[in-house]
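# Got a predicted model here, sequence first, then my questions.
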Amino acid sequence: MPTAICPECDEEVYVDADSEQGDIVVCDECGSDLVVVGLDPIELDLRSEEEDDYYDEDEEYDDYD
């Protein structure tokens, strides 16, 4: 399984081999939400508040109860 470095705490983060750019992963060490921004090599960046808002809006529309 490939790894990358967490930009928040500098620890190794395991990333699925089939991950794509834009996928979200969580650092096991510090709990930060990270975005896959590069694939060769695997590169991570902190998930921004704008991305949080985008994903929160999507979740609201997925609930058709």
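Thanks, I have the structure now.
# check contacts around the residue nearest the centre of the chain.
For the chain, Ile24 is the residue whose C-alpha lies nearest the centre (Cα atoms, centre = their mean; 2.5 Å). Taking Cβ atoms under 8 Å, 6 or more residues apart in numbering, we find Ile24 in contact with 33-36, 47, 55. For the C-beta atoms, the positions are set from N, CA and C on the backbone; glycine is no exception.
# Out of the residues you listed, who's the most crowded?
Leu34 (22 neighbours; other Cβ atoms under 10 Å).
# my read: it touches Asp28, true?
No: between Leu34 and Asp28 there is no contact under Cβ atoms under 8 Å: 11.0 Å.
# Name the residues contacting each of these two.
Val13.
# Walk me through the regions of the protein where pLDDT falls short of the threshold, as ranges.
For the chain, applying pLDDT under 70 flags the ranges 49-65.
# follow-up on the earlier one: just the ones of the contacts of Ile24 in strands?
Members of these lying in strands (criterion: DSSP state E): 33-36.
# So what sits opposite Glu14 in the bridge?
Check again: residue 14 is Tyr, not Glu. Beta-bridge partners of Tyr14, counted by DSSP bridges, are Thr3.
# what about it, how many neighbours?
Around Tyr14 there are 13 residues (other Cβ under 10 Å).
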